[in-house]
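Trainee: using only what follows, build the 3D model:
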Amino acid sequence: MASKSFKGSRSNLSISSDAAESHKPPFPPTVTFGRRTSSGRYISYSRDDLDSELGSNDFMNYTVHIPPTPDNQPMDPSISQKVEEQYVSNSLFTGGFNSVTRAHLMDKVIESEASHPQMAGAKGSSCAIPGCDAKVMSDERGVDILPCECDFKICRDCYIDAVKSGGGICPGCKEPYKNTELDEVAVDSGRPLPLPPPGTMSKMERRLSLMKSTKSVLMRSQTGDFDHNRWLFETRGTYGYGNAIWPNDGGFGNGNDEEGGEPKELMNKPWRPLTRKLKIPAAIISPYRLLILIRIVILALFLEWRVRHKNNDAIWLWGMSVVCEIWFAFSWLLDQLPKLCPINRATDLNVLKDKFEAPSPSNPTGKSDLPGIDVFVSTADPEKEPPLVTANTILSILAADYPVEKLSCYVSDDGGALLTFEAMAEAASFANSWVPFCRKHVIEPRNPESYFNLKRDPYKNKVKPDFVKDRRRVKREYDEFKVRINSLPDSIRRRSDAYHAREEIKAMKLQKQHKDDDPVESVKIPKATWMADGTHWPGTWLNSAPEHSRGDHAGIIQVMLKPPSDEPLLGTADDTKIIDFTDVDIRLPLLVYVSREKRPGYDHNKKAGAMNALVRASAIMSNGPFILNLDCDHYIYNSQAMREGMCFMMDRGGDRLCYIQFPQRFEGIDPSDRYANHNTVFFDVNMRALDGLMGPVYVGTGCLFRRIALYGFDPPRAKENHPGCSSCCFTRRKKHSSIANTSEENRALRMGDSDDEEMNLSLLPKKFGNSTFLIDSIPVAEFQGRPLADHPAVKNGRPPGALTIPRELLDASTVAEAISVISCWYEDKTEWGNRVGWIYGSVTEDVVTGYRMHNRGWKSVYCVTKRDAFRGTAPINLTDRLHQVLRWATGSVEIFFSRNNALLASPRMKFLQRIAYLNVGIYPFTSIFLIVYCFLPALSLFSGQFIVQTLNVTFLAYLLIITLTLCLLAVLEIKWSGIELEEWWRNEQFWLIGGTSAHLAAVIQGLLKVIAGIEISFTLTSKSAGDDVDDEFADLYVVKWTSLMIPPITIMMVNLIAIAVGFSRTIYSVIPQWSRLLGGVFFSFWVLAHLYPFAKGLMGRRGRTPTIVFVWSGLIAITISLLWVAINPPSGTNQIGGSFQFP
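Mentor: Numbers count the residues shown, from 1 in each chain. Have a look, this model is predicted:
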């Protein structure tokens, strides 16, 4: 199969022959790459995809390299790569199924001018060649790169034409170009020029070379040999015994103490851990465990007593109550057992800085040796998820305290909306001011909306004299930024209407030219959505059209902010800037907009499919070994949160951690937290307890992943920790000779069922798809994610200083490859969604994804920071909250009826961890027994019977002890978790509210889906918006009717009527049964107390419900009770009498 492809640095084209169109395979489709030049013509780049039946190895690319000749002089690599990257960042890449992958050069991305040199569409000088309107090449600061001494302005395309076809003569002064002088212009003054890599190595070979040498790229000469003189000069190294540390080949800190490369004097220095465990004090945890044991014994004795002592007068009432109580005891046990081993953890950021960012013999310059992080932000609908919220999240990521060159941000727009696209472009433009302002004045939080709305004094602890002036100016800039974001919908609509009218006029003119005398019919042109540069938006149009709707549009990738320079770019005194950023790093992280391809007939798997598309695209473009997943409304509240998570990943044993889960914290919750939105019992009790086992569950956002764990590989040393239980197909043989023959990067990548086979690379395409770039990036991500081998006890480590080399520059073929892996057909016949990436088939894909990792033997860590790591929003409206809980419960029911049930877990999962996951799938079924138990008090009052024969002392003693042990356990949980008693009580209340409404609906929905295959969705039937704009919590009082409210309302009404009926019957009885009345009334009040927040939600805003409503409610209840007594009076009773008798 022949193709045109990018080889070497992939910035220069290599010429090849094209395959005949008639011989293309039917699947996968051929993808052609094309670039639109400044003149409007397209240059076609093509690369045929590999055969979908990837078991065969009969595919290859046929490439012909033309050597340099007088008419084929390639551009200097140091310049061409930068110019190619700038060209890529100004291009909108589109493509997908059976379509050409095109790079559309964007003159501008937004209406306003882009000022930052990294931003797409950044304004620059125009080319001086007549008839060319392209932009001049520029460096990191946006300064024009002028290749000739005469300073003749020339663009990239014209420069290539001048070199290749014009004999290398400058069109301005007619003198030959001098490449050496071009190099000096291209590089910042005072900055050493990185030597180009050997021309004979491909991009991926250069990446893989990281794992075969610890020497920096700066230490290599242009011939590819080690330049000893340059190394001595630039690192001040010395030969012999000194600071020149030479690791033995293949050592890499794999636990072989005798092979260590560093002198013993350095190895003997005190080794400091990055994290430590903080155990719960024994004075709290020991009584806690003892109480659990006592309560288990008491429950067993109580249930045994209940089974033996039947209520023969109401056997049906006794039977229902006993069954419910047995289930409640079982459910409590599942919830309580995983809480036996809670722990707390702490990190040491100073040690992290010393190890990874301080000068050392292996890192003389002190450049950051931290691994890269790719941050994923997902959004789907700009109407439900406001672009301003998403933009603020993006800004908090760009301003995070992490090495700029190691940070990348990917925004997944699953709706393909131009509104989201332009909002992200506006955010990138505003980041030019916001991010350096945060760095200069150490701003927290770095979300501008949250920062400017802080209630505390913003000037506290600010020492720089220009802070007040800078803050005022940035605040004004942010207000203008918000206005631009909020006006985007109208702006896009007006722009599209104007361009549409112009197109209609053009079409009418053409029609008149062809039909001079005939009557002119009305011209119908599809009403498109237009971008700021006057071209069609390739995504979803405002007025849906074929190939431009939410479920049918091309894949889109736009590099909003190109990768930053490798060295800090300090600001200078510039009068044109609103703020003086002198000595402040003004670089911005890589920002990429991604909208995966969608086509009819394909299952796109909602959020899980979007996240997997980001995993593949990021692997090709930046390949950070760690991935931080955030929802669009969850922003970084602690700018050092990523460093805190990295402490765990880079510590000893960190290579066995699949993810770091941060707690979810919420803003905008009503002060009383009526519906337990903060969910503190789950995040501060259950999750801390799971941290003492194999780790917390994945909850969908605020999670730092290890990339290779998402790829479905087993953890390192799986056999050592689980002898006879682990499953591996990429494993080393037990013989030492086989291990020696296996490459270093493959030893840590194991997946599958066989322990006797070495890793078979030919099987990888069947799992990951046919992208060789993606497959080649896997061992690189695994190596870069290893902890430092700075101690003999650190196994599977990497040498210090290995990640200080510059990242690869982006070029056209890289982004074009990323377009191909986000196409709708890429996942066909692969394991994406099955074992690789986010798992498909469940509404709660997050829990299933975490479960699969724990099932393979990985561990996770719960990272609770002193300052909240992330903050987001949660629904405070009752109906919205119920629908949120319904979705979670539905996912749990799906998990229970799937192969992800913890009963089917592998032996690698610990017993208590398995119990915790089993509880995740079982808890919705408690609603069946809970709703029955909530009706039992009413049935007892209606019938005059009770769940026991008499309220004897034994029953009351059991009830008292069970209640007291529950309260004491709650007090101790509050002690070791730090939550408040009110939060615990709110959680108990909403447990009953959700259990009698959303959980019951989820069980019904799940059973119908499993048994009959019927899909049921509970949606809102009517809505009413809050009319108080000034009230922050106005949505709390909005009443939106939903069918989920029927069971709790019925329970409340039945129990209220039952209390009135029971009280009336007892008063009119000859021999009143006060004990039975008290028992029924007590349990009815227990039910009503738990449903009190639900009742408040139904009443709407406090003070707006007329008093007469409550008066009439009481009168109606009394009337119903009197009618009951009149219809069914107690036999032989004609007066009120009797006496109270307590047993």
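
Trainee: ok, Ser940 touching Trp316?
Mentor: No - in terms of Cβ atoms under 8 Å, Ser940 does not count as a neighbour of Trp316; the distance is 11.3 Å. The C-beta positions use only the backbone N, C-alpha and C, and glycine is treated the same way.

Trainee: regarding the chain, what is its longest helix?
Mentor: Looking across the chain with DSSP state H, the single longest helix is helix 467-514.

Trainee: so which elements touch that one?
Mentor: Here helix 467-514 touches helix 387-398, helix 418-441, helix 448-452, going by 3 or more Cβ pairs under 8 Å, 6 or more residues apart in numbering; DSSP states H and E.

Trainee: out of those, flag the one nearest Gly700.
Mentor: In terms of Cβ to Cβ, the element of the helices and strands packed on helix 467-514 nearest to Gly700 is helix 387-398, at 14.9 Å.

Trainee: mind listing what's buried in the closest one?
Mentor: Pro387, Leu388, Val389, Thr390, Ala391, Asn392, Thr393, Ile394, Leu395, Ser396, Ile397, Leu398 (16 or more other Cβ atoms under 10 Å).

Trainee: give the next helix or strand downstream of it.
Mentor: strand 407-413 (DSSP states H and E).

Trainee: so what touches that following strand?
Mentor: Contact with strand 407-413 is made by 372-380, 390, 394, 397-398, 400, 420-421, 424, 539, 563, 589-596, 610-611, 613-614, 617-618, 621-622, 624, 642, as judged by Cβ atoms under 8 Å, 6 or more residues apart in numbering.

Trainee: what's downstream of the longest helix of the chain, the next helix or strand?
Mentor: With elements assigned by DSSP H and E, the helix or strand that comes after helix 467-514 is strand 548-549.

Trainee: what does that next one contact?
Mentor: With contact meaning Cβ under 8 Å, 6+ apart, strand 548-549 is reached by Ala528, Thr529, Trp537, Pro538, Gly539, Thr540, Trp541.

Trainee: dig out what the closest residue to the fourth one other than its chain neighbours forms beta bridges with.
Mentor: Spatial nearest neighbour of Pro538, excluding adjacent residues (Cβ to Cβ, 6 or more residues apart in numbering): Thr94 at 4.5 Å. When bridges are called by DSSP bridges, Thr94 pairs up with Arg102, Ile556.

Trainee: please indicate which of the contacts of strand 407-413 are buried?
Mentor: 372-380, 390, 394, 397-398, 400, 420-421, 424, 539, 563, 589-596, 610-611, 613-614, 617-618, 621-622, 624, 642.

Trainee: sticking with the most centrally placed residue in the chain, tell me its helix or strand.
Mentor: When Cα atoms, centre = their mean is applied to the chain, the residue found nearest the centroid is Asn629 (1.8 Å). Using DSSP H and E, Asn629 sits within strand 626-631.

Trainee: export that strand as CSV, just CAs?
Mentor: The C-alpha trace of strand 626-631 is given here as CSV (Å, rounded to 0.1, in the frame of the first residue of the first chain):
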residue,chain,number,x,y,z
PHE,A,626,-1.1,11.2,33.5
ILE,A,627,-4.7,12.4,32.7
LEU,A,628,-6.8,14.7,34.9
ASN,A,629,-10.5,14.4,34.3
LEU,A,630,-12.8,17.3,35.1
ASP,A,631,-16.4,18.2,34.4
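
Trainee: what's the average pLDDT for it?
Mentor: In this model, strand 626-631 has an average pLDDT of 96.

Trainee: ditto for stretch 570-587
Mentor: Mean predicted confidence for stretch 570-587 is 81.

Trainee: distance between the ends of that stretch?
Mentor: With Cα to Cα, to the nearest Å applied, stretch 570-587 spans 8 Å between its terminal residues.

Trainee: contacting residues around it?
Mentor: Against stretch 570-587 from outside (Cβ under 8 Å, 6+ apart): 118, 140, 404-405, 432-433, 435-437, 439-440, 466, 470, 473-474, 477, 564-565, 568-569.

Trainee: filter the residues you listed to the buried ones?
Mentor: Among those, those buried by neighbour count (16+ other Cβ under 10 Å) are 118, 140, 404-405, 432-433, 435-437, 439-440, 470, 473-474, 477, 564-565, 568-569.

Trainee: that older thread, closest one to Leu886 among the helices and strands packed on helix 467-514?
Mentor: helix 387-398 (23.4 Å).

Trainee: chain neighbours aside, what residue packs nearest to Val920?
Mentor: Per Cβ to Cβ, 6+ apart, closest to Val920 is Ser892, 5.7 Å.

Trainee: with Arg471 instead?
Mentor: Take Arg471 and drop its neighbours on the chain: the residue closest to it by Cβ to Cβ, 6+ apart is Pro458, 6.7 Å away.

Trainee: about what we covered before: between the contacts of strand 548-549, which is nearest Gln511?
Mentor: Checking these against Gln511 with Cβ to Cβ, the nearest one is Ala528 at 19.0 Å.

Trainee: is the spatially closest residue to the closest one that is not a sequence neighbour bridged to anything, and to what?
Mentor: What sits nearest to Ala528 in space, not counting adjacent residues and going by Cβ to Cβ, 6+ apart, is His536, at 5.0 Å. Bridge pairing for His536 (DSSP bridges) gives the partners Trp530.

Trainee: so that it lines up with my notes, have the first residue be 781 from now on.
Mentor: Sounds good: first residue 781 from here, last item His1316.

Trainee: His1316 against Lys1307, yeah?
Mentor: No - in terms of Cβ under 8 Å, His1316 does not count as a neighbour of Lys1307; the distance is 11.0 Å.

Trainee: isn't there a strand covering Arg1125?
Mentor: Yes - residue state for Arg1125 (DSSP: H, G, I helix; E, B strand; the rest coil) corresponds to a strand.

Trainee: what's near enough to touch it?
Mentor: Thr1055, Arg1056, Lys1057, Leu1058, Phe1428, Asp1471, Val1641, Tyr1642, Cys1643, Val1644.

Trainee: now these in a markdown table, please, with extra columns for secondary structure.
Mentor: Output for those, formatted as a markdown table (three-state DSSP):
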| residue | secondary structure |
| --- | --- |
| Thr1055 | strand |
| Arg1056 | strand |
| Lys1057 | strand |
| Leu1058 | strand |
| Phe1428 | helix |
| Asp1471 | helix |
| Val1641 | strand |
| Tyr1642 | strand |
| Cys1643 | coil |
| Val1644 | coil |
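
Trainee: separate out the buried members of those residues.
Mentor: The neighbour count (16+ other Cβ under 10 Å) marks Thr1055, Phe1428, Asp1471, Val1641, Tyr1642, Cys1643, Val1644 as buried among the contacts of Arg1125.

Trainee: give me the pLDDT value at the residue nearest to the fifth one when sequence neighbours are not counted.
Mentor: Just to be clear, that refers to Tyr1642. In space, and not counting its chain neighbours, Tyr1642 is closest to Asp1471: 3.9 Å by Cβ to Cβ, 6+ apart. Predicted confidence (pLDDT) for Asp1471: 94.

Trainee: what of Gly970?
Mentor: On the pLDDT scale, Gly970 gets 33.

Trainee: quickly find the element holding Leu1858.
Mentor: Assessed by DSSP H and E, Leu1858 sits inside helix 1854-1870.

Trainee: just Ala1561 next, same as before
Mentor: Judged by DSSP H and E, Ala1561 forms part of helix 1552-1564.

Trainee: what helices and strands are in contact with that helix?
Mentor: helix 983-988, helix 1386-1401, helix 1487-1490, helix 1544-1548, helix 1592-1601.
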